[in-house]
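Undergrad: Fold the following.
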Amino acid sequence: MFGYQLTDVVKNLMLINVVMYVGSMLVGSGALGFRIDPGVLALHYPGSADFKPFQIITHMFMHDQAGIMHIAFNMFSLFMFGPPIEQRLGPKRFFFYYIACGFGAFLLHLAVLYVEINHLGTASPNAAMWGASGAIFGLLAAFGMLYPNQKVMLLIPPIPMKAKYFVLLFGVIELYGGVRGYGSNIAHFAHLGGAICGALFILYWKKTEGGI
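TA: Next comes the predicted model:
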């Protein structure tokens, strides 16, 4: 596909996520002789007593302990889409981009959550968000913009699709899921926030740097 090679930043991001996942299971279960609720590292609503400033960073490297599919999907996506983007942007800018997309994800998530809590009454201030999905959707946006005609394979159904349509399809699904409230434990608007933030950065760099 690209002369595939696992790049350094992607490799380290995957390692951090896996170590955090395994570590949170161990301390959460008390297997090490003490127990700490891993939820303390998830992102809580700022109006909640459980909110801590460090959660703005830590939530990006935490995954729900209810099942392995959350981290498995995110790490697979990071493994597949991250290296060609890191090679294109360079390690330092790629790392900045990844973290920035995570910030964009939580900002849109909190903005929507504020409306749901204070105006619609459809959400609880005690809800928590965790996972790399916001940053991952930023990578999907970058891939679709930098390699728009590259074929990617859908899993269900297993058919090839150009990256630009693949990303657009996922965006529509997330927007529909967020508006309709589909999967109340899924932060659809966080996914959209990461994708939007990523798209804006790619557009800016293309405009100011004459092609990346």
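
Undergrad: what about the helices in the chain?
TA: Along the chain, the stretches classed as helices by DSSP state H are 8-29, 55-58, 69-89, 91-115, 133-146, 163-180, 188-209.

Undergrad: contacting residues for residue 134?
TA: Taking C-beta atoms under 8 Å, 6 or more residues apart in numbering as the criterion, residue 134 is in contact with 60, 101, 102, 104, 105, 106, 109, 187, 190, 191, 193, 194. To be clear about C-beta, it is placed using only N, CA and C from the backbone, and glycine gets the same treatment.

Undergrad: The first one - nearest residue in space that isn't next to it in sequence?
TA: Once its chain neighbours are removed from consideration, residue 60 has its nearest residue in residue 102; the separation is 4.2 Å (C-beta to C-beta, 6 or more residues apart in numbering).

Undergrad: so that neighbour touches residue 195, yeah?
TA: No - judged on C-beta atoms under 8 Å, residue 102 makes no contact with residue 195 at a distance of 11.9 Å.

Undergrad: Spit out the residues that contact those two alike.
TA: With C-beta under 8 Å, 6+ apart as the test, residue 102 and residue 195 both reach residue 138.

Undergrad: picking up where we left off before, got the helices of the chain as JSON lines, with distance to residue 35 and mean pLDDT columns?
TA: Converted to JSON lines, those look like this (distance: least, C-beta to C-beta, whole Å; pLDDT from 0 to 100):
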{"stretch": "helix 8-29", "distance to residue 35": "7", "mean pLDDT": "93"}
{"stretch": "helix 55-58", "distance to residue 35": "18", "mean pLDDT": "95"}
{"stretch": "helix 69-89", "distance to residue 35": "21", "mean pLDDT": "95"}
{"stretch": "helix 91-115", "distance to residue 35": "27", "mean pLDDT": "96"}
{"stretch": "helix 133-146", "distance to residue 35": "27", "mean pLDDT": "97"}
{"stretch": "helix 163-180", "distance to residue 35": "34", "mean pLDDT": "91"}
{"stretch": "helix 188-209", "distance to residue 35": "28", "mean pLDDT": "94"}
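
Undergrad: Highest mean neighbour count out of those?
TA: Counting by mean count of other C-beta atoms under 10 Å, helix 133-146 has the highest mean neighbour count of the helices of the chain, with a mean of 26.

Undergrad: Which residues are in contact with the spatially closest residue to residue 112 that is not a sequence neighbour?
TA: In space, and not counting its chain neighbours, residue 112 is closest to residue 189: 4.4 Å by C-beta to C-beta, 6+ apart. Residue 189 sits next to 108, 109, 111, 112, 174, 178 when contact means C-beta under 8 Å, 6+ apart.

Undergrad: and if we set it to 6 Å?
TA: Residue 189 makes contact with 108, 109, 112, 178, according to C-beta atoms under 6 Å, 6 or more residues apart in numbering.
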